[in-house]
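**Q** after the sequence you'll find the predicted model.
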Amino acid sequence: MVDLDNLVKVSNSGQFPDLMNSSDVDNIKELINAQSLDPAFDLGVIKTSPTKPSKYGVKVAVPTGIDQLELYDGSILQNKVFKYLVDNKSIYFEEGKPDIPVEEFLYFDDVPLFAPTIDALCELATTITGNSDTSKLKELLNLLEDVVPDNDDYALTTLILSKSNKSIKLGLNKIADQTVSTEVFKFLGTRSNTKLYQSIQSASMLTENVLLDDSNRTEVYLEFNSTGLVKELAFALYPRYHKSVNDYVEGEDYGGVSKEQRHTNTISQVKECSWMPDKWSDEIFRWENHHPTAVYAVAILTAQIEGFQVELEYGY
């Protein structure tokens, strides 16, 4: 949870010049005032490199077990996948724009990627983007479903909806301990000698050691917007275990390493990745130690035709 007094102290300390500086504190205060938030709300922060506006998120409760969802603007969406939502979502606002959110993050208990899920996701994509031609999205999702026969390799875990940008991002938890198929690279990049194919292949190679470590959780992100399927692929890297959960589960083998240590190991691995901007590496590794509720959430490496984009999510 946010502690404004602590935020000011952290900013003034100079420990986190990129992750929590005076501009961030001012933006968070502006958001609290614009949204009439309790200053003790759960806060998420997203930074992007190359530089884009920072985003600040608010966690709110959502009903579970029903096929309807109310968005920030009061509109009601209906879709079968909403039955599997967990009991909260995050609403993110761009810096300097605290009145209307830019994105809403929805979280799910893993929903297997099979025909009914794919159809529901394509319907939702049309609703959010206004683009009724979801054939390429469906083709890619079918490819992901079929890539490992008789193995549920991917499951829906995250949806990021943006009505203002007419965009939907799908986060698919990668279950099997193997890399993403080159057939996916070919589908997005057309041929192995294209810049996009090579960018995606490089991103896959750079995240491979994290992806194949069972202490970590990896999601693959796809985006569809008003113009169609976005030609890029993102790799989202999370700790599998929560901070400060120093316990063992009977019958499970953790190799003598606690869940808490595995959580820390994930952050260490991400910190050492060559694609992580230097300005963030040391700061994110120290982040969780400066306050009891401070948490690292995820690092996302997106392969695009023009190169890489890195996003870092963290908060309280």
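**A** Arrived safely, thanks for sending. Numbers count the residues shown, from 1 in each chain.
**Q** not counting its neighbours along the chain, what's nearest residue 236?
**A** Leaving aside its sequence neighbours, residue 236 sits nearest to residue 219 (Cβ to Cβ, 6 or more residues apart in numbering; 4.1 Å). In this view, the C-beta of every residue, glycine as well, is placed from N, C-alpha and C.
**Q** now that neighbour: which helix or strand?
**A** strand 216-225 (DSSP states H and E).
**Q** what's the longest helix anywhere in the chain packed up against?
**A** Counting by DSSP state H, the longest helix found in the chain is helix 195-211. Secondary-structure packing of helix 195-211 (3 or more Cβ pairs under 8 Å, 6 or more residues apart in numbering; DSSP states H and E): helix 182-189, strand 216-225, strand 233-239, helix 259-272, strand 295-304, strand 307-315.
**Q** what pairs with the shortest one, parallel or antiparallel?
**A** Looking back up the chat, that one is strand 233-239. Here strand 233-239 is paired, per DSSP bridges, with strand 216-225 (antiparallel), strand 295-304 (antiparallel).
**Q** relative to residue 265, which of these is closest?
**A** If you check each of those against residue 265 by Cβ to Cβ, strand 216-225 wins as the nearest, at 8.4 Å.
**Q** mean confidence for the strand holding residue 219?
**A** Strand 216-225 carries an average pLDDT of 95.
**Q** what's next to it, contact-wise?
**A** 125, 129, 131, 134, 137, 140-141, 144, 154, 157-158, 165-174, 180, 207, 210-211, 229-230, 232-240, 266, 269, 300, 302 (Cβ atoms under 8 Å, 6 or more residues apart in numbering).
**Q** again, 7 Å this time
**A** For strand 216-225, contacts defined as Cβ atoms under 7 Å, 6 or more residues apart in numbering pick out 125, 129, 134, 137, 140, 157-158, 165-174, 180, 210-211, 230, 232-240, 266, 300.
**Q** and if you look at stretch 116-129?
**A** With Cβ under 7 Å, 6+ apart, stretch 116-129 has contacts from 77, 79-81, 111, 132, 134, 137-138, 141-142, 145, 156, 161, 163, 166-168, 170, 224-226.
**Q** of the residues you listed, grab the buried ones for PyMOL.
**A** Filtering the contacts of stretch 116-129 down to the buried ones (16 or more other Cβ atoms under 10 Å) takes a single PyMOL command:
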select buried, resi 77+81+111+134+137+138+141+145+156+161+163+167+168+170+224+225
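**Q** in strands only, show me the contacts of stretch 116-129.
**A** Counting by DSSP state E, the contacts of stretch 116-129 place 77, 111, 156, 161, 167-168, 170, 224-225 in strands.
**Q** can you tell me the strand partners of the very next helix or strand once past the strand holding residue 219 and which way each runs?
**A** Using DSSP H and E, the helix or strand that directly follows strand 216-225 along the chain is strand 228-229. Partners of strand 228-229 in the sheet, by DSSP bridges, are strand 216-225 (antiparallel).
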